[in-house]
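**Q** Fold the following and give me the result.
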Amino acid sequence: MQGLRFEDWLQRAAHLRLSTIGGVSRPYKPAMLLAATMLIRKGQFVDNLLTLGELSPVFDQVLALVAPGSPPPSEHALPFRHLATDAIWELVPHEGEQTRLDAMRALGARARDVLQHTLGVQLPAEVFKRIRERATDAELVTRTVLRQYSPVFATWGLIDVHVAERTLLVWLGGAMQDPPPEPRTLTERVVEEWIQQHWAETPFAGMGLQLAGRQTLTPVNVIDLLAFDRARVEWWVFEIKRNNSSDSVVGQLARYRGWIAQAKQIPIVRARGVILTDVVSEKLQLAMRTQVGAELWRYSADQEISISRIDS
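**A** I've put the predicted structure just below:
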């Protein structure tokens with residue numbers, strides 16, 4: 001499968017075997033494929049490994065857009081696992097779990113049981129590379145999937161496929177246009193995942209993570225972490241950086257805060273932000289001094305990740 005050409009893979013994506021409810025096809029597989037395309041274009045998935053935890057919150061947002069009347073699947077594991085059956089991607093086992101994974105699949109085990117032995121999924125190499133590096137190919141996948149399954153989405157409440165397409169392409173347009181640097185041992189993605197999993201142990205534990213914590217789609221790219229402080233009625237945007245102290249991140253955070261203020265119809269003072277980085281330069285500190293309602297925090301990861309605030 002790893003040698004599959006992009007064009008052949010796209011044909012598979014246009015002919016998914018959808019499960020049905022009372023003779024009505026479910027929209028879950030195409031919605032999850034759209035979500036995967038969004039995340040790959042974000043640029044963090046340089047290792048071609050998508051996990052269910054990363055896909056689930058974006059899948060929920062895409063499903064709400066393309067099939068607004070659809071209930072969520074009983075388990076996100078179902079479309080995640082069965083897109084492998086359609087040869088869209090391959091299941092990647094945890095280390096030393098290949099034999100058990102093969103046995104579970106051969107026995108026709110439930111999706112949740114199969115995924116106990118699964119680290120994530122991997123797309124064909126050429127497919128991953130083209131979606132990640134070429135905006136036109138990511139758009140082609142999005143248009144193909146949306147239009148091919150538009151009758152299914154319409155059954156579940158989609159009124160105007162063209163409006164949905166424009167929204168999805170706006171989300172794609174906010175993604176990175178150039179491939180990011182090669183992955184390091186500790187990536188932004190790893191730090192982001194650690195913070196989500198250990199949220200109760202961080203200085204931000206009083207806030208509640210939104211949309212399962214990660215990957216909130218916006219027209220200005222994808223917010224790493226989004227939280228809501230119920231006591232103060234404030235939304236908090238978290239932007240995580242690794243080996244990067246460029247002051248350009250200040251403008252990026254400002255755009256996210258502006259979007260939150262507009263989307264939630266709140267004053268900008270209630271749309272707050274955090275830049276969380278392991279490298280704090282003088283330029284970054286100077287730029288942060290101009291930002292009311294934004295905070296600069298540093299994390300270190302010598303043994304375990306620790307977080308401390310930097311006073312600008």
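
**Q** CA atoms of stretch 139-154 as PDB?
**A** Provided in PDB are the C-alpha atoms of stretch 139-154 (Å, rounded to 0.1, in the frame of the first residue of the first chain):
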ATOM      1  CA  GLU A 139      -8.000  21.100  -2.200                       C
ATOM      2  CA  LEU A 140      -8.500  18.300  -4.700                       C
ATOM      3  CA  VAL A 141      -9.000  15.700  -2.000                       C
ATOM      4  CA  THR A 142     -11.400  18.000  -0.200                       C
ATOM      5  CA  ARG A 143     -13.500  18.700  -3.200                       C
ATOM      6  CA  THR A 144     -13.500  15.100  -4.400                       C
ATOM      7  CA  VAL A 145     -14.700  13.700  -1.100                       C
ATOM      8  CA  LEU A 146     -17.200  16.500  -0.400                       C
ATOM      9  CA  ARG A 147     -18.800  16.300  -3.900                       C
ATOM     10  CA  GLN A 148     -18.700  12.500  -4.100                       C
ATOM     11  CA  TYR A 149     -20.600  12.100  -0.800                       C
ATOM     12  CA  SER A 150     -22.800  15.200  -1.000                       C
ATOM     13  CA  PRO A 151     -25.900  13.100  -1.300                       C
ATOM     14  CA  VAL A 152     -25.000  11.300   1.900                       C
ATOM     15  CA  PHE A 153     -24.300  14.700   3.600                       C
ATOM     16  CA  ALA A 154     -27.600  16.100   2.300                       C
END
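
**Q** roughly how far is it from the heart of the chain?
**A** 19 Å (C-alpha atoms, centre = their mean, to the nearest Å).

**Q** Now do the buried residues in it.
**A** Along stretch 139-154, these residues count as buried under the neighbour rule (16 or more other C-beta atoms under 10 Å): 139-142, 144-146, 149-150, 152-154. Where you see a C-beta, it was placed from the backbone N, CA and C, and this is true even at glycine.

**Q** now swap in stretch 20-27 and tell me
**A** Within stretch 20-27, the residues that count as buried by 16+ other C-beta under 10 Å are 25-27.

**Q** mind listing what the closest residue to W171 other than its chain neighbours touches?
**A** Counting by C-beta to C-beta, 6 or more residues apart in numbering, W171 lies nearest to L217, which is 4.9 Å off, once chain neighbours are set aside. The contact partners of L217, taken as C-beta atoms under 8 Å, 6 or more residues apart in numbering, are 38, 58, 61-62, 171.

**Q** ok, so of those, who is nearest L119?
**A** L119 has its nearest neighbour among the contacts of L217 in V58, at 18.6 Å by C-beta to C-beta.

**Q** Next, that closest one: phi, psi?
**A** phi -70, psi -40 (degrees, to the nearest 10).

**Q** ok, now the one 10 residues further on?
**A** Note on P68: its backbone torsions stand at phi -60, psi -20 [degrees, to the nearest 10].

**Q** per-residue confidence for the closest residue to it other than its chain neighbours?
**A** What sits nearest to P68 in space, not counting adjacent residues and going by C-beta to C-beta, 6+ apart, is G157, at 4.4 Å. For G157, the pLDDT comes out at 95.

**Q** Can I take it that G157 is in a helix?
**A** No: using DSSP: H, G, I helix; E, B strand; the rest coil, the secondary structure at G157 is coil, not a helix.

**Q** That one reaches A67, doesn't it?
**A** Yes: using C-beta atoms under 8 Å, G157 is in contact with A67, at 6.2 Å.

**Q** quick one: which of the two has more around it?
**A** A67 (23 against 13; other C-beta atoms under 10 Å).

**Q** one step back: and the residue nearest to P68, what does it touch?
**A** 67-70.

**Q** Just the buried residues of those.
**A** With burial judged by 16+ other C-beta under 10 Å, the buried subset of those is 67, 70.

**Q** a markdown table for the contacts of G157, including distance to L52, secondary structure and pLDDT?
**A** Formatted as a markdown table, the contacts of G157 follow (distance: C-beta to C-beta, whole Å; DSSP: H, G, I helix; E, B strand; the rest coil; pLDDT from 0 to 100):
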| residue | distance to L52 | secondary structure | pLDDT |
| --- | --- | --- | --- |
| A67 | 19 | coil | 96 |
| P68 | 23 | coil | 94 |
| G69 | 24 | coil | 94 |
| S70 | 19 | coil | 94 |
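
**Q** Considering only helices and strands, which part of the protein has the lowest mean pLDDT?
**A** strand 208-218 (a mean of 68; mean pLDDT, DSSP states H and E).

**Q** and after that strand, which helix or strand comes next?
**A** Later in the chain than strand 208-218, the nearest helix or strand by DSSP states H and E is strand 221-229.

**Q** so what does whichever helix or strand comes after that next one touch, helix or strand wise?
**A** Of the helices and strands lying after strand 221-229 in sequence (DSSP H and E), the nearest is strand 234-241. Helices and strands touching strand 234-241, by 3 or more C-beta pairs under 8 Å, 6 or more residues apart in numbering; DSSP states H and E, are helix 188-197, strand 221-229, helix 248-264, strand 271-277.
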